[in-house]
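A.B. asks: Dropping a prediction and its sequence here:
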Amino acid sequence: MNHHKDALSWVLIGFTLLLVAAAAFYVVWPQLQPHVTVRVGDGVYKAEVAKTAAERAKGLSNTATLRQDQGLLMVYEADGKWPIWMKDMNYPIDIVWMDSSKKVVHIVKNAPPDSYPDEQFSPKKDARYVLELPAGSVSQKNISIDMQATFDENRLEGWGK
C-alpha cells in the first residue's frame, strides 16, 4: 500500500513540476523571440520583425493581445504605399508608417478589427517601414507625423529572406 502512495506522490510532484515549467515557458518565450527596440515619440517598443511577404501578410492576425510595450515592425525591400488590413485581428491597433529614413509619414489611430474585408489602411506618402502598436499608443506616447523613429537596422539582418 505504501508503494502505491509513494508512486502517486511522485506522479503528482512530477505533474506539478511540469505545469510550473510550462507556465514559465509561456511567460519567458516571447522575451526570447528575436526583436528590435523601436523608439518613437515617448514610446519604447519591443517589436517583432516581419520581413518576408508571408510574415507581413500574417502580421498580428490571430494574436490574442498586444502589451503596451510591444509592437510589430514590418520591413519592406522598397518604398511604397503599403496597405494594412485587419484580417483575423482580435483587437484594434495604431498603425505608423515610416519612410526609409525612419521619419513618420502617416498614422492611423485605432484601426478596428471589424474593418476587414471592407477597408484597408494606406499611407498618403511612400513608406519603407510599418509599425503596428496597441490602440491608443500614438496619443499616449505623443507620436506625430514628421517625427523621427530610431531602431538598429543591423538587428534586422538575417530576419526573413
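C.D. replies: Sure thing, it's come through.

A.B. asks: for the chain, longest strand please?
C.D. replies: If you go by DSSP state E, the chain has its longest strand at strand 70-80.

A.B. asks: Rounded mean pLDDT for that strand, please.
C.D. replies: Here strand 70-80 scores 96 as its mean pLDDT.

A.B. asks: Keeping just the C-alphas, turn it into CSV.
C.D. replies: Taking Å, rounded to 0.1, in the frame of the first residue of the first chain, the C-alpha atoms of strand 70-80 are listed here in CSV:
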residue,chain,number,x,y,z
GLN,A,70,5.1,45.5,-27.8
GLY,A,71,4.7,46.1,-31.5
LEU,A,72,5.3,44.6,-34.9
LEU,A,73,7.7,46.2,-37.3
MET,A,74,7.1,45.4,-41.0
VAL,A,75,10.1,45.9,-43.2
TYR,A,76,9.8,46.3,-47.0
GLU,A,77,12.5,46.0,-49.6
ALA,A,78,11.4,49.2,-51.3
ASP,A,79,9.4,52.3,-50.7
GLY,A,80,5.7,52.1,-51.4
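
A.B. asks: Now do it: distance to the chain's middle.
C.D. replies: 11 Å (Cα atoms, centre = their mean, to the nearest Å).

A.B. asks: in that strand, what counts as buried?
C.D. replies: Across strand 70-80, burial judged by 16 or more other Cβ atoms under 10 Å covers Gln70, Gly71, Leu72, Leu73, Met74, Val75, Tyr76. Where you see a C-beta, it was placed from the backbone N, CA and C, and this is true even at glycine.

A.B. asks: who does it pair up with?
C.D. replies: strand 43-50 (parallel), strand 127-134 (antiparallel) (DSSP bridges).
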